[in-house]
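1. Turn this into a structure:
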Amino acid sequence: MTQPATESYRFEHALIDGTWRGDVVVDVGGDGNILRVSDPAGNGPPNAPGDQPSPRRIKGWALPGLTNLHSHAFQRGLVGRAEKWGQDSFWRWREVMYQYVSGLTPEAVEAISAQLHVELLKGGFTSVGEFHYLHHQVGGHPYDDPAELGRRIISAARETGIGIVHMPVVYHRAGFDRPQLDPAQARFAMDVEGLAGHVASLEVEERQGRGGLVALGWGIHSLRACSEAEVARALAHFDSEPWRPIHIHVAEQTLEVEQCLETRGARPVDWLADHVRLDRRWCLVHATWTTEEELTRIAEAGSTVGLCPATEANLGDGVFRLPRLLEARGRFGVGTDSHVATSAPSELRLLEYGQRLRHAARGVATPPPEAPAGAGVGHGLILHALKGGARALGIQAGQLAAGMRADILVLDGDHPALAGHGPDSVLDAWVFADSGNPVRDVMVGGDWVVTEGRHRSEEQIARRFRSHV
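-> The predicted structure is shown next:
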């Protein structure tokens, strides 16, 4: 059998183990994974003489693609429709979202998802975790294919080339003390049996995904949308199945915390830690209103916190206690959630600015151990997000190293946002210079999906998007 061809690239600069190296050769196998990484200084295994063509030279700054760990794809079409004067809140925004959902067709969901995925790729994300709770037709009736909408979102990911971890979500009650869903929530209804069937029916998509570009996970919408008994049933099912990531919204709003205390006798994260075997499978999304003790419990369990700073700011959620999580050696990644922003630097910039406003200080979060001496804030935040995001989705990504998926961004060093910057500040410039997009080329699973700043299908995808919003 003929072996798939290997492609070889010589990057002017590449981020290896958190540090910039020059003249780095990366060999990518036909399966979309990195075979080897080497440089002239002898770091990494050398190529066997004559077994590969001369590497293609690529100028710029190459780094691993980032993981967007939390997305509701359909909400990309909602952006700008819920911005009203007055004492607005998350709960009023949610009513606008329900109204918007009532008109979405499968074709619209696929078109919106494809547009989103193009924007994410150009924004530095090469993988997305889709936290999927839009399951049924208007009125709550299943489609002939109960996984119709999930399949549409996966189809959009295949078209655009982004990696996806699709996580259908259990959602079966309207609140802690409201065991029935409201009529506006009928399209979200999903119990554990339905979830199991949904995932099983999508496993064929997972098996057909080249290089692991399509994977599946589990989701529990929130403690308010899932009874104690249903959480226990979900966990029993998850534990009986092969390893998959588990994601949940938690402690996003103060009202949620108050109601959890009133009905279950504990704050949301404490309740989870007392009733669930939290471990590295778990990603706790938002966790905005957590105590120092709860953050310590998350860190000690090895779970990841999923932060979505632009959405959290847009909804008025609050500001996460990032320094405390990092002091406890906890992990975080970032997502775009409702997609009011769709780029990695936008999320990381707002994450840091929120901390600066809260603490009236700059650079209060600590860098990860792998950050080189003197690394700037943007550099450190990217390293945190690379590690935490890949962990939260359970994918072999986030590093330029043998065995990792070949997900690579190339930043244009000549772009005005990066001009004049070197290894000590180029990532800080990418995060904090809001002056255009220097992402020039994007590879996912060995395939170049963005070149010279343009996605290969962006015009036709944009036309389809415009016809459905």
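2. Looks like I408 contacts W61 (just checking).
-> No - counting by Cβ atoms under 8 Å, no contact exists between I408 and W61, whose distance comes to 10.7 Å. The way it works is simple: take the backbone N, C-alpha and C, and place the C-beta from them, glycine included.
3. got any ranges where this structure has weak pLDDT?
-> Residues of the chain that meet the criterion pLDDT under 70 lie in 1-4, 40-53, 209-210.
4. got the contact list for the spatially closest residue to Q180 that is not a sequence neighbour?
-> Using Cβ to Cβ, 6 or more residues apart in numbering and skipping residues adjacent in sequence, the residue nearest Q180 is A174, 6.3 Å away. Shown in contact with A174 (Cβ atoms under 8 Å, 6 or more residues apart in numbering): Q180, L181, D182, Q185, A225.
5. Could I have the buried ones of the residues you listed as PyMOL selection syntax?
-> In PyMOL, selecting the buried portion of those, with burial taken from 16 or more other Cβ atoms under 10 Å, looks like this:
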select buried, resi 181+185+225
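6. In a markdown table, list the contacts of A174 along with distance to Q355 and secondary structure.
-> A markdown table is the format used below for the contacts of A174 (distance: Cβ to Cβ, whole Å; DSSP: H, G, I helix; E, B strand; the rest coil):
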| residue | distance to Q355 | secondary structure |
| --- | --- | --- |
| Q180 | 40 | coil |
| L181 | 37 | coil |
| D182 | 36 | coil |
| Q185 | 34 | helix |
| A225 | 30 | coil |
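7. nearest to L35, of the contacts of A174?
-> A225 (44.2 Å; Cβ to Cβ).
8. beta partners of the nearest residue to the closest one once chain neighbours are set aside?
-> The shortest distance from A225 to any residue that is not its chain neighbour, by Cβ to Cβ, 6+ apart, is 4.9 Å, and that residue is Y171. In this entry, Y171 is beta-bridged to M190, by DSSP bridges.
9. Could you tell me how many residues sit around Y171?
-> 25 (other Cβ atoms under 10 Å).
10. All the strands of the stretch 51-200 of the chain, residue numbers only.
-> When assigned using DSSP state E, counting those that start in this stretch, the strands of the stretch 51-200 of the chain occupy the ranges 56-64, 66-71, 125-132, 163-170.
11. list the helices and strands the first one packs on?
-> This means strand 56-64. Applying 3 or more Cβ pairs under 8 Å, 6 or more residues apart in numbering; DSSP states H and E, one finds that strand 56-64 contacts strand 7-16, strand 19-28, strand 408-411, strand 439-444.
12. What of the third one?
-> If you count contacts as 3+ Cβ pairs under 8 Å, 6+ apart, strand 125-132 packs onto strand 66-71, helix 148-160, strand 163-170, strand 246-250, helix 377-393, strand 439-444.
13. how big is the angle separating that strand from strand 66-71?
-> Relative orientation of strand 125-132 and strand 66-71, computed by axes from the mean of the first three to the mean of the last three Cα atoms, to 10 degrees: 10 degrees.
14. Among the contacts of A174, which one sits closest to T288?
-> Set against T288, the nearest of the contacts of A174 by Cβ to Cβ is A225 (17.2 Å).
15. Enumerate the beta-bridge partners assigned to the nearest residue to L15 once chain neighbours are set aside.
-> Nearest non-adjacent residue to L15, counting by Cβ to Cβ, 6+ apart: L63, 4.0 Å away. For L63, the beta-bridge assignment (DSSP bridges) gives partners L409.
16. Next one: L63 relative to D23, how far apart?
-> Taking Cβ to Cβ, to the nearest Å as the measure, L63 falls 16 Å from D23.
17. Looking at the two, which is more packed in?
-> Neighbours per residue, other Cβ under 10 Å: of L63 and D23, the larger number sits with L63, 26 against 15.
18. my guess is that one contacts F11, does it?
-> No - judged on Cβ under 8 Å, L63 makes no contact with F11 at a distance of 9.6 Å.
19. Next, the nearest residue to E292 once chain neighbours are set aside: phi, psi?
-> By the measure of Cβ to Cβ, 6+ apart, the closest residue to E292 outside its immediate chain neighbours is R324, 5.3 Å from it. With angles defined as degrees, to the nearest 10, R324 sits at phi -70, psi -40.
20. Now do R324 against T290, distance only.
-> For R324, the distance to T290 (Cβ to Cβ) stands at 9 Å.
21. Tell me which of those two has more neighbours.
-> In terms of neighbours (other Cβ under 10 Å), T290 is the more surrounded of R324 and T290; the figures are 25 against 18.
22. Could you list which residues are in contact with E458?
-> E458 is in contact with V118, counting by Cβ under 8 Å, 6+ apart.
23. wait, what's in contact with G163?
-> G163 makes contact with 126-128, 157, 212-215, 395, 397, 405, 407, 444-445, according to Cβ under 8 Å, 6+ apart.
24. What count of nearby residues applies to the closest residue to it other than its chain neighbours?
-> What sits nearest to G163 in space, not counting adjacent residues and going by Cβ to Cβ, 6+ apart, is S127, at 3.8 Å. S127 sits with 29 neighbouring residues when counted by other Cβ under 10 Å.
25. What residues are bridge-paired with S127?
-> When assigned by DSSP bridges, S127 has beta-bridge partners T67, G163.
26. Doesn't G219 lie inside a strand?
-> Yes - G219 sits within a strand when classified using DSSP: H, G, I helix; E, B strand; the rest coil.
27. roughly how far apart are it and A301?
-> With distances taken as Cβ to Cβ, G219 is found 18 Å from A301.
28. The two: which has the busier surroundings?
-> Neighbours around G219 and A301, counted as other Cβ under 10 Å, are more numerous at G219. The numbers are 26 against 19.
29. Next, work out how far apart the more buried one and E262 are.
-> Counting by Cβ to Cβ, the separation of G219 from E262 is 25 Å.
30. quick one on the thing from earlier: residues contacting the residue nearest to A225?
-> With contacts defined as Cβ under 8 Å, 6+ apart, Y171 is in contact with Y133, L181, Q185, F188, A189, M190, H221, A225, C226.
31. among those, which two are most distant?
-> Longest distance between any two of the contacts of Y171 is 12.8 Å, between Q185 and C226; criterion Cβ to Cβ.
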